[in-house]
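Q: Give me coordinates for this.
(one chain, ligands or ions: 2)
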Amino acid sequence: MRLAGLIKPLRLLRVNKTRCLLSEQHYATKAEQEEYAFNTKEYLDFKKQLRQLNVYNRDGHTCLQVDCRLCERLPAAARATATTATASRSQGPLAYVNKRTGAFICPNCDVKVSLTYALEAYQTVPPSGFRRLPEKSLEYATRFPNLISVTADACEALGLKGLKEAQLNAIGAQFEPEQKLLHFRLRNASHKIVGEKVLHLGDRSEQTFQCSSSSGLLIHGSGNKTKAVLVSNLLDFIVLATQNIETHCIICLPYAMQQLPQECLPGLERFKELVFWLHYDATPSWDAASAFAQKMDEKRCLLIRPTETEPAPHVALKKRLNIRHILAKATPVRHKAITTFNALRNDILSELQNIEKVNGVKWKRFPVLNKLLKGHRKGELTILTGPTGSGKTTFTSEYSLDLAMQGVSTLWGSFEIRNTRLAATLLRQFVGYPLDDKLQEFDHWATEFERLPLYFMTFHGQQPLKPVLEAIEHAQYVHDISHVIIDNLQFMMGISSYRGDKFWEQDSIIAAFRGFATKHNVHVTLVMHPRKERQEDELTTSSVFGTAKATQEADNVLIIQDKRLTAVRGKKYLQVAKNRYSGDLGIMPMEFDKDALSYSSSVQSAKRRREREKTSLTES
Ligand SMILES: Nc1ncnc2c1ncn2[C@@H]1O[C@H](COP(=O)(O)OP(=O)(O)OP(=O)(O)O)[C@@H](O)[C@H]1O
Ligand code: FES
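A: Ligands and ions are numbered 1, 2, ... in the order given. Okay, the predicted model is just below:
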């Protein structure tokens, strides 16, 4: 099934991207742009075809490596010949088939095509109408034409004690004197330059610019090393790369802990051991290492858990800690099924020393929720319910927007209302007022809004559970999603092959999402309609779900209680009816601002303050 088509990104990546300059006209066919989910039959057919043609291939950690015969590089006759020599060793550029998505990636020509297209390209006689891609010679055009060798002043501005400019030049750094930044090149698995990463010396911010394929990594170390340390920022990269560590290559992830494109994975294939040594500066990234390790094949991944005695490399250098000793303490990302306290000791210490990050991402708009739930954590299941029309969608939209604005990549599955309407609600909540009479502002706000890591599933109306879960799994792998919202669960009921009553069906769907949240370490928020309820009663967990199972499975249960319908002075509030993490229960008042479609007290008081300032200005 084509899954990528079911997921629409609001944006592609948060960092700027440029197109490569290609010696030939860029040839972005439909086959290059589309992504497909893994199709086992197609994969087996492809391997069979490789055997028949005697084409070199090797099963790697995340990809199947194969001699590339995709483009016009080889003459037709050579493509069709089967020799005994070829199968044992590679004859030319290698291509990589991702074993999770089936994407066929060739770093030599910097292309990504579907396996369906690749399968046709590997036929001795391709089907009629098939068009082979032209070979591309890649030439990335830098956006920094005035680069020079690193000067002593630039080196000093980094503030790393004892570091000499010669060391920076030796690891491939360059200096841009006008913008005062350090520059590094990103290369793909074929060692071709496909992008660049810069460190602004003033505010220490970083930017990444890449070809459309996003396949580049910053790697330091010789090609024969089989171990590597992965860091999340350029400062840590500089510290480790200038230590002359003989055993490991040093790799800087292109987009820190925000995203790891599948196109980067071929560049990591040659490593038998990968050590994550990340700098956890922002809360959404806590446990990014375990998510990335799943993508890279956990078996080869080790982790340096951040504690005060084992901090990120640049902090370790400042504290004069022994970098090599810390590196030697890396332990496997996953524990065995049965483990001892001693094996968990460092995990526990790391969590205690980073408790605020472990607690999760804090809402900026809902301080009461932070007090009760402590924050939004990956791997949990939240169920939100409330009477019909009580504002479930409106609230969920604002609650997810708040998190997305802090970098939580979010996938929306809106089955009830169309994506355009949902996006319009999100945009209005983002702006704080409707734009219908301020159309001149639309472009500005839309550009700002597009930077948010928001994706939408394109399902609408009733859907069976299986394709929805498949689409989420695909998005989680390809876009590193950490929050999924399903609005609402009832749209998955009554059409599956489940036998039995309605509650049984509902329970099994909730159980499936519970399992998904745990397995893939994503937070799933399920919006549900309550069971039929008399209006004068308060909703309770049991009256909402019918069976106890739903409440058992959920980590958090949030209920919108609407007392306006039954009492004259009745108010609307959000009740935290279950909270597995900290156990605190309570309520959050929900005053509604119609202009901003907001329930946030902080948004509303900021608005009142602005209005007061405006009136006092006009009065004076
Ligand atoms: N407190 C409120 N006061 C007035 N209007 C509100 C309030 N909360 C939400 N609304 C409006 O009510 C409408 C319905 O809200 P929404 O779709 O979020 O409810 P829902 O609970 O998801 O509905 P459904 O039960 O149909 O799924 C929206 O137009 C929203 O702007
Ligand atoms: S060499 Fe692989 S597509 Fe050109």
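Q: For the residue nearest the centre of the chain, grab phi and psi.
A: Here the mean C-alpha position of the chain is nearest to the C-alpha of Asp480 (CA atoms, centre = their mean), at a distance of 2.2 Å. Dihedral angles of Asp480 (phi, psi; degrees, to the nearest 10) stand at phi 50, psi 50.
Q: Go ahead and confirm it touches Leu253.
A: No - counting by CB atoms under 8 Å, Asp480 does not reach Leu253; the two are 11.3 Å apart. Every C-beta, even on glycine, is put in place using the N, C-alpha and C of the backbone.
Q: Which neighbours do those two have in common?
A: Listed as contacting both Asp480 and Leu253 by CB atoms under 8 Å, 6 or more residues apart in numbering are Leu260.
Q: and Gln207, how many neighbours?
A: Taking other CB atoms under 10 Å as the neighbour definition, Gln207 ends up with a count of 13.
Q: hmm, back to that, give me the pLDDT for the residue nearest to the centre of the chain.
A: The predicted local distance difference test score for Asp480 is 88.
Q: go on, His483?
A: The model's pLDDT for His483 equals 95.
Q: From Gly413, how far out is it?
A: Per CB to CB, to the nearest Å, His483 is found 11 Å from Gly413.
Q: The two: who's more crowded?
A: Gly413 (29 against 25).
Q: Quick one: mean pLDDT for the helix or strand where the more buried one lies?
A: Here Gly413, judged by DSSP states H and E, is contained in strand 410-414. Looking at strand 410-414 alone, the average pLDDT works out to 93.
Q: for it, packing partners?
A: In terms of contact count using 3 or more CB pairs under 8 Å, 6 or more residues apart in numbering; DSSP states H and E, strand 410-414 is assigned the packing partners helix 392-404, helix 419-431, strand 454-457, helix 465-479, strand 483-487.
Q: Deepest in the core, which of those is it.
A: With neighbours defined by mean count of other CB atoms under 10 Å, none of the helices and strands packed on strand 410-414 is more surrounded on average than strand 483-487, at a mean of 25.
Q: Tell me if that one is near ligand 1.
A: No - counting by CB under 6 Å from any ligand atom, ligand 1 is not contacted by strand 483-487; separation bottoms out at 7.3 Å.
Q: buried ones in stretch 180-190?
A: Taking 16 or more other CB atoms under 10 Å as the neighbour-count basis, stretch 180-190 is seen to contain the buried residues 181-190.
Q: Make JSON lines out of those residues and add secondary structure and distance to ligand 2.
A: Shown next, in JSON lines, are the buried residues of stretch 180-190 (DSSP: H, G, I helix; E, B strand; the rest coil; distance: CB to the nearest ligand atom, whole Å):
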{"residue": "Leu181", "secondary structure": "strand", "distance to ligand 2": "33"}
{"residue": "Leu182", "secondary structure": "strand", "distance to ligand 2": "33"}
{"residue": "His183", "secondary structure": "strand", "distance to ligand 2": "28"}
{"residue": "Phe184", "secondary structure": "strand", "distance to ligand 2": "26"}
{"residue": "Arg185", "secondary structure": "strand", "distance to ligand 2": "21"}
{"residue": "Leu186", "secondary structure": "strand", "distance to ligand 2": "19"}
{"residue": "Arg187", "secondary structure": "strand", "distance to ligand 2": "16"}
{"residue": "Asn188", "secondary structure": "coil", "distance to ligand 2": "12"}
{"residue": "Ala189", "secondary structure": "coil", "distance to ligand 2": "11"}
{"residue": "Ser190", "secondary structure": "coil", "distance to ligand 2": "9"}
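Q: And Ala157, how close does it get to ligand 2?
A: Going from Ala157 to ligand 2 by CB to the nearest ligand atom, to the nearest Å gives 42 Å.
Q: Now for that residue: which residues touch it?
A: Taking CB under 8 Å, 6+ apart as the contact definition, Ala157 lies against 180, 201.
Q: Other residues contacting stretch 357-374?
A: Under the contact criterion CB under 8 Å, 6+ apart, stretch 357-374 has outside partners 280, 283-284, 286, 351, 375-378, 398-399, 402-403, 405-406, 408, 556, 574, 576, 579, 581-582, 584-586, 588-589, 598-603.
Q: between the helices and strands packed on strand 410-414, which gets the lowest average pLDDT?
A: Between the helices and strands packed on strand 410-414, the lowest average pLDDT goes to helix 465-479, which shows a mean of 87.
Q: Counting by contacts, list what it packs against.
A: Contact here means 3+ CB pairs under 8 Å, 6+ apart; on that basis helix 465-479 packs against strand 7-9, strand 410-414, strand 454-457, strand 483-487, helix 502-520.
Q: try it again with 6 Å
A: Contacts of helix 465-479 with other secondary structure elements, assessed using 3 or more CB pairs under 6 Å, 6 or more residues apart in numbering; DSSP states H and E, are made with helix 502-520.
Q: which helices and strands does the helix it packs on pack with?
A: Secondary-structure packing of helix 502-520 (3+ CB pairs under 6 Å, 6+ apart): helix 465-479, helix 549-553.
Q: Return the set of buried residues in the shortest one.
A: Judged by neighbour count using 16+ other CB under 10 Å, the buried positions of helix 549-553 are 549-551, 553.
Q: How about the residues of the stretch 1-150 of the chain by ligand 2?
A: Those residues of the stretch 1-150 of the chain that sit near ligand 2, judged by CB under 6 Å from any ligand atom, are 68, 70-71, 73, 93, 95, 106, 108-109, 111, 133, 135.
Q: Next: the stretch 301-450 of the chain.
A: Taking CB under 6 Å from any ligand atom as the test, the list of the stretch 301-450 of the chain residues beside ligand 2 is empty.
Q: all strands in the stretch 301-450 of the chain, in order from the N-terminus.
A: Along the stretch 301-450 of the chain, counting by DSSP state E, counting those that start in this stretch, strands occupy 301-303, 331-332, 381-385, 410-414.
Q: ranking those by burial, who's on top?
A: Relative to the other members of the strands of the stretch 301-450 of the chain, strand 410-414 carries the highest mean neighbour count by mean count of other CB under 10 Å, namely a mean of 26.
Q: That one pairs with which strands, and in what direction?
A: strand 454-457 (parallel), strand 483-487 (parallel) (DSSP bridges).
Q: Those strands into CSV, with extra columns for distance to Lys362?
A: Putting the strands paired with strand 410-414 into CSV (distance: least, CB to CB, whole Å) gives the following:
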stretch, distance to Lys362
strand 454-457, 19
strand 483-487, 14
